[in-house]
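# Test case, fold it:
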Amino acid sequence: GRQWPAQKLLEQVKSEEVQRWLTFCDTKLAVLMFPNLTRNFSESFEAFGYVNDVPHFSGMEKIQNRIVGSVAMWLANGKLKKGQ
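Sure thing, here's the model as predicted:
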């Protein structure tokens with residue numbers, strides 16, 4: 001029968017190569033990216049620019065998500081620096 005897109009995606013995720021990439025992204029890439037995206041408020045704000053492309057967010061939701069998300073990530077980075 002017909003294979004649904006979700007079924008196909010689940011099969012691909014089970015592959016060894018995909019699992020290696022997912023592990024790399026979780027353990028290495030995210031760890032390197034977070035401090036570089038949140039060094040200061042300006043960079044955090046820039047990183048949250050993607051919310052402007054979310055079609056189901058209203059204009060106000062885009063502004064709120066971008067500002068609140070930027071402040072939260074910037075403050076989280078400050079806490080990480082203090083903990084080191």
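# For F24, see how far away the spatially most central residue of the chain is.
The chain has A30 as the residue nearest its centroid, 8.3 Å off, counting by CA atoms, centre = their mean. Distance check for A30 against F24: by CB to CB, to the nearest Å, it reads 10 Å. C-beta coordinates here come from the backbone N, C-alpha and C atoms, glycine included.
# so the residue nearest to the centre of the chain is in which element?
helix 30-37 (DSSP states H and E).
# quick one, the longest helix anywhere in the chain and helix 30-37 angle?
In the chain, assigned by DSSP state H, the helix with the most residues is helix 59-83. Here helix 59-83 runs at an angle of 110 degrees relative to helix 30-37 (axes from the mean of the first three to the mean of the last three CA atoms, to 10 degrees).
# what's helix 59-83 packed up against?
helix 30-37, helix 41-47 (3 or more CB pairs under 8 Å, 6 or more residues apart in numbering; DSSP states H and E).
# and stretch 17-26, how far from the chain's centre?
Here the centre of stretch 17-26 is set off from its chain's centre by 15 Å, with CA atoms, centre = their mean, to the nearest Å.
# Output that stretch as PDB, nothing but the C-alphas.
C-alpha atoms of stretch 17-26 as PDB (Å, rounded to 0.1, in the frame of the first residue of the first chain):
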ATOM      1  CA  GLU A  17      23.700   7.400   9.600                       C
ATOM      2  CA  VAL A  18      20.800   9.600  10.700                       C
ATOM      3  CA  GLN A  19      21.300   8.500  14.300                       C
ATOM      4  CA  ARG A  20      25.000   9.500  14.100                       C
ATOM      5  CA  TRP A  21      24.000  13.000  12.800                       C
ATOM      6  CA  LEU A  22      21.300  13.400  15.400                       C
ATOM      7  CA  THR A  23      23.800  12.500  18.200                       C
ATOM      8  CA  PHE A  24      26.400  14.900  16.700                       C
ATOM      9  CA  CYS A  25      23.800  17.700  16.600                       C
ATOM     10  CA  ASP A  26      22.700  17.100  20.200                       C
END
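# per-residue confidence averaged over it?
For stretch 17-26, the mean per-residue pLDDT is 89.
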